[in-house]
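*Asks:* Please find the sequence and the predicted model below.
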Amino acid sequence: MILFGRPLVWYVGSNFLEVFETNSNNQQKLSFSPASIQHSEIVDEKKYSEELQKFIEGLPLKRGKGIIVLSAELVYANDIDITGKNEKDEAEKFLTSVPLLRSSIATITLRNKNKLRIIAANRKLYEGIVEALKMNNIEIFSVVPVSVFPNRTNNQEFTVQEAKKTTGEKRILQRYNFLQTKDNPQADKGVADTRENLEVEEVGKKSMRKQYVLLAISVILLACAIGYFLLWSKTIPNPWFKKSESLSPKPTSVATPSTTSQPSPTAEPLMDKSTIKIKILNGSGIEGQAGKLSDLLEEAGYNNVSIGNTDNLEQRTTIVYNKLLSKDMLDSITEAIKNGFPDPTLQEASQSAEYDILITTGKF
């Protein structure tokens, strides 16, 4: 007796029926006689039902569920471009070309933008099987064409392995299920389709896509808000607004005055502004201060002036001068810078140096 872990798979051909027990890899086949089926059409319904019932009763079945798979020769399909056309008229043209009695046709209709796909089959072939199985406590929950399963060709043999694969294709079993159609057997009204179910499914997909987009936008906005807050609060450095580097000269080391012999008493005092060498060091840390002082001295006629920075910061501006610098010349220098650097500290150099005057600026 068959126990059901997986559903049974019933494969229907033009004149045969195979059942695959996917739990045990067994299969049984019924070949219908020409007296019951010819050219995929039932010619004697009573004979067809008797052969079918006899076959099912000979199987060790007890309750369960099953799937009916229709072979390629039992299914008619067409993809129709309905751009600028009447959908009902185009569907009617296709159904008229199907070599089946109109009252026997079941259809599945799928839409994709301007494309219309119609799949048709002989409903009487599978309905008889569904009813016979129902009498033996076997419920068929899906009737699908074999051609809709992926990686299959029309002439490919249907095996136990193929039957097992079909039981796992839940989306296909639902989307292409002939049992979900609500066909009307009257020829003038045609056959119905699974249009409503598919449209509901499509609406559901669009809703999910919209939710994903909104979620992505929310995450991006939240990330931007957090980033702005961190930059504003200076928790992380701002790579776009870096503090400009000082354009003033880099600190230079002050040359240590080399020891030389003391000037002779007969040395002449320094009186010529053009020959006096002046070095200005920025000792306040205030950007551009040494350059400002250089401009003041050049306006006073002192052209041999160089500037630099020092790490030895001073509170007060200091002037270290050569002993040979005349008092008038020293007064001239202090007078030239008094507006920007009033009352500097004056200090006579204890020994000769590279510069005649060394000025280190301070904060006042």
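*Replies:* Everything's here; your move. All values reported here derive from a predicted model rather than from experimental measurement.

*Asks:* right, and the helix or strand after the lowest-mean-pLDDT helix or strand in the chain?
*Replies:* Taking mean pLDDT, DSSP states H and E as the measure, the chain has helix 195-232 as its least confident helix or strand, at a mean of 76. Per DSSP states H and E, the first helix or strand lying C-terminal to helix 195-232 is strand 278-282.

*Asks:* for that next one, packing partners?
*Replies:* In terms of contacts (3 or more CB pairs under 8 Å, 6 or more residues apart in numbering; DSSP states H and E), strand 278-282 is packed against helix 289-299, strand 305-309, strand 357-360. No exception for glycine: its C-beta is placed from N, CA and C like everyone else's.

*Asks:* Paired strands for that strand, with orientation please.
*Replies:* strand 305-309 (parallel), strand 357-360 (parallel) (DSSP bridges).

*Asks:* Touching the helix or strand that contains residue 52 from outside, list them.
*Replies:* Using DSSP H and E, residue 52 falls within helix 45-57. Helix 45-57 is touched from outside by 17, 28, 30, 32-33, 35-37, 42, 124, 128-129, 132-133, 135-136, 138, with contacts defined as CB atoms under 8 Å, 6 or more residues apart in numbering.

*Asks:* Deepest in the core, which of the strands paired with strand 278-282 is it.
*Replies:* Comparing the strands paired with strand 278-282 by mean neighbour count (mean count of other CB atoms under 10 Å), strand 357-360 ranks first with a mean of 24.

*Asks:* pLDDT of it, averaged?
*Replies:* The average of the pLDDT scores along strand 357-360 is 87.

*Asks:* Ok, stretch 327-342 next?
*Replies:* Per-residue pLDDT values across stretch 327-342 average out to 83.

*Asks:* returning to that earlier point: restricted to helices, list the contacts of helix 45-57.
*Replies:* Judged by DSSP state H, helices contain the following of those: 124, 128-129, 132-133, 135.

*Asks:* Dump those residues to TSV, plus neighbour count and distance to residue 76.
*Replies:* Conversion of the ones in helices among the contacts of helix 45-57 to TSV gives the following (neighbours: other CB atoms under 10 Å; distance: CB to CB, whole Å):
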residue	neighbour count	distance to residue 76
124	18	15
128	17	19
129	23	19
132	19	24
133	22	25
135	10	29
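
*Asks:* domain ranges for the protein?
*Replies:* Using automatic domain parsing, the domain parsing of the chain gives 8-193, 197-243, 278-360.

*Asks:* quick one: which of the ones you listed has the weakest pLDDT on average?
*Replies:* Within these, the stretch with the lowest mean pLDDT is domain 197-243, showing a mean of 73.

*Asks:* how close does residue 220 get to residue 148?
*Replies:* Residue 220 sits at a distance of 39 Å from residue 148 (criterion: CB to CB, to the nearest Å).
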